[in-house]
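Student: Mind looking at a prediction? Sequence and model below.
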Amino acid sequence: MDPYELEGVLAHGVRRGPSPMITLLLVMVAGGIGVGLRFLIEGLVSAQSSQSFPWATLLINLLGAFAIGVVVEVVPTSPDAAMHVRPALAMGLLGGFTTFSAFALESITLLETGELLRAGIYIGATNVVGIAACAGGLLLGRSVM
């Protein structure tokens, strides 16, 4: 279930099959596990590597991108149990671990469907505007402190 479908389900309660509230709960629990894994890996890698390069973040982003590819291809979308498992793993676990995995998958999906302009805009905006937004947030935060 994509986030927009989940949003519609929560707002209107319309969906066949398993309860969307169970799916939401599983996504939330799995998200917490993903955050915990990120925290552990960050600590382990940072303790072993130089602080002059963000090795831990790079490793986490690459692992997340690989893992979402596996989840999308391996976890079916139709059986009742998988209707909970796929969003719990893709949005919950990997979303808590890193949102880069979703960015990577969405970029590839746009490219594979021939949406080259949209893919370019999405990839460019995410990187350029995302970095600019972070810089703006830093400036605002620094001006308040």
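Tutor: Received it, and whenever you're ready, just let me know what you need. Residues are numbered from 1 along each chain as shown.

Student: Determine how far the longest helix along the chain lies from the middle of the whole chain.
Tutor: Scanning the chain for the longest helix, with DSSP state H as the assignment, gives helix 20-48. Relative to its chain's centre, helix 20-48 lies at 11 Å (CA atoms, centre = their mean, to the nearest Å).

Student: tell me what it is packed against?
Tutor: Helices and strands touching helix 20-48, as assessed by 3 or more CB pairs under 8 Å, 6 or more residues apart in numbering; DSSP states H and E, comprise helix 3-12, helix 55-74, helix 80-87, helix 94-97. Just so you know, the C-beta spots here come from the backbone N, C-alpha and C atoms, and that holds for glycine as well.

Student: Please name whichever of the ones you listed is nearest to Ala135.
Tutor: Set against Ala135 and scored by CB to CB, the helices and strands packed on helix 20-48 come closest in helix 55-74, at 17.3 Å.

Student: just the angle between that closest one and helix 80-87, please?
Tutor: 150 degrees (axes from the mean of the first three to the mean of the last three CA atoms, to 10 degrees).

Student: which outside residues touch helix 55-74?
Tutor: The contact list for helix 55-74 (CB atoms under 8 Å, 6 or more residues apart in numbering) reads 38, 41-42, 44-46, 49, 86, 89-90, 94, 97-98, 100-102, 104-105.

Student: Just the buried residues of it, please?
Tutor: By 16 or more other CB atoms under 10 Å, the buried positions in helix 55-74 come out as 56-57, 59-61, 63-65, 67-68, 71-72.

Student: Please apply the same query to stretch 93-109.
Tutor: 93-98, 100-107.

Student: Check stretch 43-53 too.
Tutor: Neighbour-count burial for stretch 43-53 [16+ other CB under 10 Å]: Val45.

Student: Looking at it now, give me its mean pLDDT.
Tutor: Averaging pLDDT along stretch 43-53 yields 83.

Student: Quick one: residues in contact with it.
Tutor: Against stretch 43-53 from outside (CB under 8 Å, 6+ apart): 55-56, 59.

Student: one more time with 10 Å
Tutor: Residues outside stretch 43-53 that contact it (CB atoms under 10 Å, 6 or more residues apart in numbering): 54-60.
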